[in-house]
Each structure stands twice: as C-alpha cells, then as structure tokens.
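> below is the sequence, then the predicted model.
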Amino acid sequence: MIDENSTLEDVCFEVSTALDRHSITGVLTGGSAATVYAPNVYTSYDADFVLTSYPERQRLEQALAEIGYVPSACPGMYEHLKTVYTLDFPAGPLSVGGDYVHETTTLERDDLHLRILTVTDCVRDRLSGFYYWDDYTSLNAAVGVAQAHRDRIDFNRLREWTERESGSPPTDYGTRYAEFLKRLNA
C-alpha cells in the first residue's frame, strides 16, 4: 500500500508487482535504480520503468490505478495523491548506451518483487550520463552503487563497454572511466 510514508523503493516494489499482475513487464532503470541500490548516496523522485512488453495504454493505466497512480498533466507521467514519487515509462528497448540489456534481476520483499537492472548495468547507466552529458551527479551515483555492491560489479564488462562506447564517434571515455575508478578507490 502506497502512502505518504512510502519510500521510492516501496513505490517501485508496488509498481513492479502491479504491472506483473497485469502481465506487463517493466524494468526499473535510471536514477531510480541507483536509489534502490544505494539509497544513502543518490535520491530520485521519479521511478523510470522501461516496458519490455507493450501493453495497450488502457491496461497500463488500469494496473497503475489499482495502486493509486493516475496520468499527470505531463504526458507519459503518472502521479499519486499520497506520495511525491512520480512514474515515467521511457521508450524502449531496454538498453545502456549502445548495448541492449538482455539480463535483469528481480529483488524480492515480502510478497512483492521488483524487476531492476543488474548492479553492473545500473553503474553503466549512470556512467553513460557522465560520459555523454558531463553529469557529475550521475558519476557520483555510479560510484555510490559500485561502492555499495563492489563484489557484484563486473569491472571487465564496464571497461569493455567503455571502450566500445568510445568508438563512434571517437571519444576518449577511458579518461572518464579512470576518474570513476579513482573516486571508487579513494
């Protein structure tokens, strides 16, 4: 049940479970995924779910209405009367940079579940904001998630992805990746 005391994580678990009850698959991405993985480091006020199934809008709205979310004045956004957290459904496909995401993870809590990017893909997602838009808030989120879950990060995959992303057009994201590693190990 979503109310004024619900955290973003609470909301995300409720939304993911409600979507699944309606056979809609959505994966939590972006800053909201970083907030779930590192709540003391990064705070987001909207939950970004990329839908990997494409339901009719009416079915999506019915699933969300069951937990109190209604369309907001901003197209594609949903709001709730009892919480500040909004919902957004960015266009798919599910990807990070030039890579399609084929593997996600599901977190369990009581009778609820949350489909979410893997920890490594969450870090890649936040690094992409730093690489492409010089967004240091995204870098801080990437570092925070990596510090909280260092043992679950595939650093070889991060490095290889950085090299691929640097290729077209030629950009030296390796320097930015080095900055990420320096902050991570500080």
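Arrived safely, thanks for sending. Residues are numbered from 1 along each chain as shown.
> mark out where each domain of this protein begins and ends.
For the chain, whose domains are defined here by automatic domain parsing, the residue ranges read 8-117, 119-184.
> packing partners of the helix or strand where Thr86 lies?
Assignment of secondary structure by DSSP states H and E places Thr86 within strand 83-88. Counting contacts by 3 or more CB pairs under 8 Å, 6 or more residues apart in numbering; DSSP states H and E, the secondary-structure elements packed against strand 83-88 are helix 8-21, strand 46-51, strand 77-80. Any C-beta I mention is one placed from the backbone N, CA and C, and that applies to glycine too.
> which other residues reach the helix or strand following it?
Per DSSP H and E, the first helix or strand lying C-terminal to strand 83-88 is strand 95-96. The set of residues that contact strand 95-96 without belonging to it, under CB atoms under 8 Å, 6 or more residues apart in numbering, is 101, 117, 121, 124-125, 128, 161.
> residue ranges with poor pLDDT in the chain?
With pLDDT under 70 as the threshold, the chain has low-confidence stretches at 168-170.
> do you have the strands of it handy? List them.
Secondary structure of the chain by DSSP state E: the strands cover 26-29, 46-51, 69-71, 77-80, 83-88, 95-96, 99-100, 104-109, 112-117.
> for those strands, which one sits closest to Arg57?
Taking CB to CB as the criterion, strand 69-71 is the member of those that comes nearest to Arg57, at 9.1 Å.
> contacts made by that closest one with the rest, please.
Where contact means CB under 8 Å, 6+ apart, the residues beyond strand 69-71 that reach it are 15, 61, 64, 77-80, 87.
> who wins on neighbours among those?
Compared across those, Val15 has the highest neighbour count, 27 neighbours, by other CB atoms under 10 Å.
> I figured it hits Asp48, correct?
No: the pair Val15 and Asp48 does not pass the contact test of CB atoms under 8 Å, sitting 10.7 Å apart.
> centre-most residue in the protein?
Computing the C-alpha centroid of the chain and ranking residues by CA atoms, centre = their mean puts Thr29 first, at 1.8 Å.
> what sits against that one?
So, once contact is read as CB under 8 Å, 6+ apart, Thr29 ends up touching 48-50, 90, 94, 116-117, 122, 125.
> next: Gly26.
Gly26 makes contact with 15-16, 19, 49-52, 89, 115 under the criterion CB under 8 Å, 6+ apart.
> from these, which would you call buried?
Buried members of the contacts of Gly26, counted by 16 or more other CB atoms under 10 Å: 15-16, 19, 49-51, 89, 115.
> residues near the nearest residue to Thr104 once chain neighbours are set aside, how many?
Distances taken as CB to CB, 6 or more residues apart in numbering place Val27 nearest to Thr104, at 5.0 Å, with adjacent residues excluded. For Val27, the neighbour count with other CB under 10 Å is 23.
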